[in-house]
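# sequence first, then the predicted structure:
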2 protein chains.
Amino acid sequence: MGISDRKEREKIELKELILKEARAIFLEEGFEKTSIRKIADRIEYSPTTIYLYFQDKNELLLALHQESFNHLFQSLSSVGSIPDAFGRLVALGHAYIEYGLKNPEEYELMFALKAPLEALQCKDEIWCDGLKAIDLVKSMVQDCQAHGYLPTHLNAETTAIMLWGQVHGLVSLHLNNRFNMFQGRDLNIIVQDTFNLFVQFLKSFK
Amino acid sequence: MGISDRKEREKIELKELILKEARAIFLEEGFEKTSIRKIADRIEYSPTTIYLYFQDKNELLLALHQESFNHLFQSLSSVGSIPDAFGRLVALGHAYIEYGLKNPEEYELMFALKAPLEALQCKDEIWCDGLKAIDLVKSMVQDCQAHGYLPTHLNAETTAIMLWGQVHGLVSLHLNNRFNMFQGRDLNIIVQDTFNLFVQFLKSFK
DNA sequence: TTGATTTAAATAACAGTGTTAAGTATATTT
DNA sequence: AAATATACTTAACACTGTTATTTAAATCAA
């Protein structure tokens, strides 16, 4: 039955077109300006058609959220080639910070906005991307422990959450303009200096 | 001239009434539901009257933001009585986290939402509340250095930003439901455990 | 091939948002 | 008493997410 095959293909294509244009608006104009009507204009369909492909706006943002996580993991992947366990962990932190500062809208969607997680909750699904991310950090912490960089008595998961908390805190404060009060200074350098100090603390811990 | 005195008094009173009801809605229903029209309903004036007292919604939110900072500083003030410098710093962290988790809407307004800072920027004003907050942490760090808890070679401000970044990161991730993936566990305890681990790092640093 | 049914999309509307231009009383000043 | 200034309201603009209803086309069954 080739006809229904084609129809299904067309449905997938339209869904992808919606996401593509949604993503374009999202990156060009930011989260707040990404409206159903604006997407509809760009794909040349009526606004209500979008609701035939996504239950609501949250679900649409969840799809963008998942694409953003792929983008993040791709940005983090390069650190895998670093041989030293501790150097790898530090590089992961730097790469995370760099990703966050270079992709503010995506970062907000992944780690601040409630919309995508609400969509997940409606489906009774868990935040797998988040779990995947924390597991990555956790395994790198364990690598450090295996090579004598961090004490083995430390709980690897708690340590991973601490690391995540630190870098997220810095990225989040910066993206939300909470470092603007440090007038006349390079705010990226403030973030870098702070993270470097944190690394000193990590390095010296016994 | 008693009449114009009374008029001025009445203007101040109406402005305070607007803020009072705005705050009530804000705390009861959250940031997103705090609309100009809803405030107008509660004060029994037309929506446009509010614009005679505030330039726009951002300025109104800035006023709430400043009230929230007073609330925060009040919540932090009790740690001043702790004699030990390091104990005081740790208590400050705990008090900050507790405030954030108990006052999510206020916390978001102070450290995440762009609206209040945009209002400040329009007036070419600096974020004094933020400066005041970081100065508090900085002076406590210096107290620790003076009493041998933290090395004197550390930059006190960078250290203060690191501390702020850590607690903000944890509070922010928790408030934004990013710890919900740790199913069946007490999320407040995760935050506490992580902060306690961070304190261990601080304590051991040489 | 014709009639019934399913499918896909659009129109119109609801209820809400921040904001502004214009209008209306009331009170004060000249 | 007339002119002006003050305080406030009405009506509207341009948006938002979302839904019930309707239309048109494609497919299926007789």
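Ah, there it is. From a predicted model like this one, the values you see are computed outputs, not experimental measurements.

# ramachandran angles for A:Met181?
For A:Met181, the backbone dihedrals are phi -70, psi -20 (criterion: degrees, to the nearest 10).

# the residue nearest to it when sequence neighbours are not counted and DNA strand D: what is the separation?
Excluding its sequence neighbours, the residue lying closest to A:Met181 (Cβ to Cβ, 6 or more residues apart in numbering or on different chains) is B:Trp127, at 4.4 Å. For every residue, glycine as well, the C-beta is placed using N, CA and C. B:Trp127 sits at a distance of 29 Å from DNA strand D (criterion: Cβ to the nearest atom of the strand, to the nearest Å).

# who are the contact partners of B:Trp127?
A:178, A:180-181, B:117, B:120 (Cβ atoms under 8 Å, 6 or more residues apart in numbering or on different chains).

# please apply the same query to A:Lys206.
Residues A:151, B:204 are the ones in contact with A:Lys206 under the rule Cβ under 8 Å, 6+ apart.

# in contact with A:Met110, which residues are there?
Counting by Cβ under 8 Å, 6+ apart, A:Met110 touches A:65, A:68-69, A:72, A:116, A:129.

# now, which of those sits nearest DNA strand D?
Distance to DNA strand D, by Cβ to the nearest atom of the strand, is smallest for A:Pro116 among these, at 12.9 Å.

# can you tell me the element the closest one falls in?
Using DSSP states H and E, A:Pro116 falls within helix A:115-122.

# next, the angle from the following helix or strand past that helix to helix A:115-122.
Where DSSP H and E defines the elements, the next helix or strand beyond helix A:115-122 is helix A:128-146. In terms of direction (axes from the mean of the first three to the mean of the last three Cα atoms, to 10 degrees), helix A:128-146 departs from helix A:115-122 by 100 degrees.

# what mean pLDDT does helix A:128-146 have?
Per-region confidence: helix A:128-146 scores 98 on mean pLDDT.

# the longest helix anywhere in chain A near chain B at all?
In chain A, with assignment by DSSP state H, the single longest helix is helix A:2-29. No - counting by Cβ under 8 Å from any Cβ of the partner chain, chain B is not contacted by helix A:2-29; separation bottoms out at 14.8 Å.

# got the buried residues for that helix?
Across helix A:2-29, burial judged by 16 or more other Cβ atoms under 10 Å in any protein chain shown covers A:14-15, A:17-19, A:21-23, A:25-26.

# in JSON lines: the residues you listed, plus distance to A:Leu173 and pLDDT.
Output for the buried residues of helix A:2-29, formatted as JSON lines (distance: Cβ to Cβ, whole Å; pLDDT from 0 to 100):
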{"residue": "A:Leu14", "distance to A:Leu173": "40", "pLDDT": "96"}
{"residue": "A:Lys15", "distance to A:Leu173": "36", "pLDDT": "97"}
{"residue": "A:Leu17", "distance to A:Leu173": "37", "pLDDT": "97"}
{"residue": "A:Ile18", "distance to A:Leu173": "34", "pLDDT": "98"}
{"residue": "A:Leu19", "distance to A:Leu173": "30", "pLDDT": "98"}
{"residue": "A:Glu21", "distance to A:Leu173": "32", "pLDDT": "97"}
{"residue": "A:Ala22", "distance to A:Leu173": "28", "pLDDT": "98"}
{"residue": "A:Arg23", "distance to A:Leu173": "26", "pLDDT": "98"}
{"residue": "A:Ile25", "distance to A:Leu173": "27", "pLDDT": "97"}
{"residue": "A:Phe26", "distance to A:Leu173": "23", "pLDDT": "96"}
